[in-house]
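K.L.:
could you work out the structure for the sequence below:
(chains A and B)
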2 protein chains.
Amino acid sequence: MSEEEAEAMLLELKEKAELMVDLAYSSTLYDNKEIAKEVYELEDYIDKLHYELQKLAVEDSKKGELEVDETLAIIRLGNCSEIIADAAREIADVELRDIELHPVIKESILESDEVILKAEVKENSVLNGKKLGDIELATKTGMWVVAIKRGKKWIYGANKNTMIKKGDILFVKGPREGMKHFMALVEGKESEI
Amino acid sequence: MSEEEAEAMLLELKEKAELMVDLAYSSTLYDNKEIAKEVYELEDYIDKLHYELQKLAVEDSKKGELEVDETLAIIRLGNCSEIIADAAREIADVELRDIELHPVIKESILESDEVILKAEVKENSVLNGKKLGDIELATKTGMWVVAIKRGKKWIYGANKNTMIKKGDILFVKGPREGMKHFMALVEGKESEI
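P.N.:
Coordinates of the predicted model:
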């Protein structure tokens, strides 16, 4: 049923756009061009998804499955995600143009109530070999995985089935108070999650 | 020192813009015009802050406190927050124009890995009478407070010093897996945070 398809697209647009903002800030804070390039690629993907969503919403309206107002609400919400994605791309651009942020700016972003951390998973970490859904990382520590670097590979938009492995470099976002507990977990200094 | 002032402004812009997106989605999901109006007011505030930031960045540059590239980076990051704030306002507009979202769209947003909940704090809840910083709500449950309705008053952008009281209506954002624990805490069914 295409109506459900439109909603799944809308949700994906929303989630991807928000991920892009987190990735974009991560790229500038940790001076990482690979993450910045991913933001660019996601932007292309979002452009296509956005077009498909608009098309589907109007088609559904024509078929009588959506009211005019509902169709416009879908289009408007889709536009907002597209705008947020564009903003994320602008942020990533700061990194790709090799503009070095002033150290005090980086600190100020890192001093926010919500921090973005980068940390390597040690072999004796409780996270090693566990799926994100099993350890409930976000629920137990407040930290969301934004990106994972595994060897040369990158994993963006991890979900509950994503397995964490030793040597993974995690980029996470979460509350300042959760930093200590999270770092102790990835470094294997604390085993209780 | 004006340089630090610019960074504090940049951080405030970033945080307020992200809060606005959460508030905007909350307003459409829970059909709440008061939250939507707050998004509008924050947008006006952000416009002013954004202008002040740009002015300060250029002034700092003139004084030799910032390099040209650094000045441009500040202006660009500030622009991005302004763009995100504009997108949030568009989302809030869906609510203010009385466009009712299709129920399946609401469900699809609520079915995201990240949920927005609305819940009333019961008298016997462990949250009652505690400061957010003391209970470390975000760290322990993954849930961030987006807005609080206390009687006729609203509290937006709560911080660690914000006291939670019985009868407060909390709008929170966090991981789907954390929903149950959070609801049990506010309803006083569970006392261990």
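
K.L.:
after the helix or strand of chain A with the lowest mean pLDDT, which helix or strand is next?
P.N.:
Among the helical and strand segments of chain A, the one scoring lowest on mean pLDDT, DSSP states H and E is helix A:103-110, with a mean of 72. With elements assigned by DSSP states H and E, the helix or strand that comes after helix A:103-110 is strand A:114-120.

K.L.:
tell me which stretches of chain A form helices.
P.N.:
Under the criterion DSSP state H, chain A contains helices at A:2-29, A:33-62, A:68-96, A:103-110, A:132-135, A:137-141, A:179-186.

K.L.:
off-centre distance for the fifth one?
P.N.:
This means helix A:132-135. The gap between where helix A:132-135 is centred and where its chain is centred comes out at 17 Å by Cα atoms, centre = their mean, to the nearest Å.

K.L.:
what's the domain layout of chain A?
P.N.:
Split into domains by automatic domain parsing, chain A comes to A:2-96, A:113-186.

K.L.:
one step back: make TSV out of the helices of chain A and add distance to chain B and mean neighbour count.
P.N.:
Yep, even glycine has a C-beta here, placed from its N, CA and C like the rest. Shown next, in TSV, are the helices of chain A (distance: least, Cβ to the nearest Cβ, whole Å; neighbours: other Cβ atoms under 10 Å in any protein chain shown):
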stretch	distance to chain B	mean neighbour count
helix A:2-29	4	22
helix A:33-62	10	17
helix A:68-96	4	22
helix A:103-110	4	16
helix A:132-135	8	16
helix A:137-141	4	25
helix A:179-186	7	20
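
K.L.:
how about JSON lines for these, with distance to A:E192 added?
P.N.:
Output for the helices of chain A, formatted as JSON lines (distance: least, Cβ to Cβ, whole Å):
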{"stretch": "helix A:2-29", "distance to A:E192": "27"}
{"stretch": "helix A:33-62", "distance to A:E192": "31"}
{"stretch": "helix A:68-96", "distance to A:E192": "35"}
{"stretch": "helix A:103-110", "distance to A:E192": "26"}
{"stretch": "helix A:132-135", "distance to A:E192": "11"}
{"stretch": "helix A:137-141", "distance to A:E192": "9"}
{"stretch": "helix A:179-186", "distance to A:E192": "9"}
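
K.L.:
which pLDDT value goes with the closest residue to A:V126 other than its chain neighbours?
P.N.:
Nearest-residue entry for A:V126: A:S191, 5.1 Å, with adjacent residues in sequence omitted and distances by Cβ to Cβ, 6 or more residues apart in numbering or on different chains. With respect to pLDDT, A:S191 has a value of 87.

K.L.:
same deal with A:I99?
P.N.:
The predicted structure lists A:I99 with a pLDDT of 78.

K.L.:
can you pull the phi/psi pair for it?
P.N.:
A:I99 adopts backbone torsions of phi -80, psi 110, taken as degrees, to the nearest 10.

K.L.:
quick revisit: for the domains of chain A, give me CSV that also has mean pLDDT.
P.N.:
Output for the domains of chain A, formatted as CSV (pLDDT from 0 to 100):
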stretch, mean pLDDT
domain A:2-96, 90
domain A:113-186, 92
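
K.L.:
hmm, A:E187 is touching A:S125, no?
P.N.:
Yes - with the criterion set as Cβ atoms under 8 Å, A:E187 and A:S125 qualify as a contacting pair; they are 6.6 Å apart.

K.L.:
looking at these two, which is more packed in?
P.N.:
Neighbours per residue, other Cβ atoms under 10 Å in any protein chain shown: of A:E187 and A:S125, the larger number sits with A:S125, 23 against 14.

K.L.:
how about the nearest residue to that one, chain neighbours excluded?
P.N.:
Distances taken as Cβ to Cβ, 6+ apart place A:G188 nearest to A:S125, at 4.4 Å, with adjacent residues excluded.

K.L.:
for burial, what's the neighbour tally of that neighbour?
P.N.:
16.

K.L.:
now for it: which residues touch it?
P.N.:
A:122-126 (Cβ atoms under 8 Å, 6 or more residues apart in numbering or on different chains).

K.L.:
tell me the pLDDT at it?
P.N.:
A:G188 is assigned a pLDDT of 95 by the prediction.

K.L.:
and the least confident helix or strand of chain A, what other elements does it pack with?
P.N.:
In this structure, helix A:103-110 packs against helix A:2-29, helix B:2-29, helix B:68-96, with contacts taken as 3 or more Cβ pairs under 8 Å, 6 or more residues apart in numbering or on different chains; DSSP states H and E.

K.L.:
now do the first one against helix A:33-62, angle only.
P.N.:
Here the directions of helix A:2-29 and helix A:33-62 differ by 160 degrees (axes from the mean of the first three to the mean of the last three Cα atoms, to 10 degrees).

K.L.:
elements contacting helix A:2-29?
P.N.:
When contacts are defined as 3+ Cβ pairs under 8 Å, 6+ apart, helix A:2-29 packs onto helix A:33-62, helix A:68-96, helix A:103-110, strand A:114-120, strand A:144-150, strand A:169-175, helix B:2-29, helix B:103-110.

K.L.:
cutoff 7 Å now
P.N.:
Secondary structure elements in contact with helix A:2-29, counted by 3 or more Cβ pairs under 7 Å, 6 or more residues apart in numbering or on different chains; DSSP states H and E, are helix A:33-62, helix A:68-96, helix A:103-110, strand A:114-120, strand A:144-150, helix B:103-110.

K.L.:
still on that earlier bit, quick one: closest of the helices of chain A to B:A73.
P.N.:
Nearest of the helices of chain A to B:A73, taken as Cβ to Cβ: helix A:68-96 at 5.2 Å.

K.L.:
still on that earlier bit, number of residues surrounding the residue nearest to A:V126?
P.N.:
Other residues lying near A:S191 total 10 when counted by other Cβ under 10 Å.

K.L.:
one more: A:M143?
P.N.:
Around A:M143 there are 29 residues (other Cβ under 10 Å).

K.L.:
export stretch A:89-98 as PDB, just CAs?
P.N.:
Output for stretch A:89-98, consisting of C-alpha atoms alone and laid out as PDB, is shown next (Å, rounded to 0.1, in the frame of the first residue of the first chain):
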ATOM      1  CA  ARG A  89      25.900  19.800   4.200                       C
ATOM      2  CA  GLU A  90      26.900  23.400   4.800                       C
ATOM      3  CA  ILE A  91      28.400  22.400   8.100                       C
ATOM      4  CA  ALA A  92      30.300  19.500   6.500                       C
ATOM      5  CA  ASP A  93      31.500  22.000   3.900                       C
ATOM      6  CA  VAL A  94      33.400  23.800   6.600                       C
ATOM      7  CA  GLU A  95      35.400  20.600   7.100                       C
ATOM      8  CA  LEU A  96      35.800  19.800   3.400                       C
ATOM      9  CA  ARG A  97      37.100  23.300   2.600                       C
ATOM     10  CA  ASP A  98      39.800  22.800   5.200                       C
END
